[in-house]
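Enquirer: Sequence and predicted structure, then a few things I'm wondering about:
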Amino acid sequence: MGSWEELRGLLLGHRVSAAIAAAVQLGLVDLLAGQPRTADDLADAAGTDSDATGRLLRALVTVNLIAEDDGRFSLTELGALLRSDAPRSLRPHPCQLTAGGGLLRAARRRSHVASADARCAAN
């Protein structure tokens with residue numbers, strides 16, 4: 001018989017998918033490809049809200065896609081599979097999800113909506 005934790009994971013799985021889709025569509029994954037960065041730095045580069053970006057990054061830390069060390073975020077080996085330049089990238093898969101819309105709207109600044117949509121469409 002399954003455990004409470006197992007069922008909880010299944011029930012919350014859509015939130016993980018939404019967070020992954022938002023990070024890909026906002027360009028955060030590719031922005032983390034070089035070196036560790038703060039949430040503020042990433043928000044500036046992506047044109048997103050700093051607080052919402054930090055919350056999104058910390059959510060992805062809990063599923064081992066991103067690591068956090070002393071306020072700086074970096075991609076894990078697992079998260080690197082979502083980079084646009086990764087061999088056998090899985091990047092197009094979260095872009096097909098529609099569940100990320102609310103997170104995208106929460107993090108985006110109005111002037112960057114079209115450019116984030118274009119990043120996903122290009123893949």
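Expert: On my side now, so go ahead.
Enquirer: For residue 75, list the residues it contacts.
Expert: The contact partners of residue 75, taken as C-beta atoms under 8 Å, 6 or more residues apart in numbering, are 29, 32, 33, 65, 66, 67, 83. (Glycine included, C-beta is placed from N, CA and C.)
Enquirer: if I read this right, residue 79 contacts residue 30, doesn't it?
Expert: No: look at residue 79 against residue 30 with C-beta atoms under 8 Å: they stay out of range, at 11.0 Å.
Enquirer: These two: which has the busier surroundings?
Expert: Between residue 79 and residue 30, residue 79 has the larger neighbour count (other C-beta atoms under 10 Å), namely 24 against 20.
Enquirer: re the thing from before, can you say which of the contacts of residue 75 are buried?
Expert: With neighbours counted using 16 or more other C-beta atoms under 10 Å, these contain these buried positions: 29, 32, 65, 66, 67, 83.
Enquirer: So the fifth one lies in a strand, does it not?
Expert: Yes: using DSSP: H, G, I helix; E, B strand; the rest coil, the assignment for residue 67 is a strand.
Enquirer: so who does it touch?
Expert: Neighbouring residues of residue 67 by C-beta under 8 Å, 6+ apart: 61, 73, 74, 75, 76.
Enquirer: show me the contacts for the first one.
Expert: It refers to residue 61. Residue 61 makes contact with 67, 68, 73 under the criterion C-beta under 8 Å, 6+ apart.
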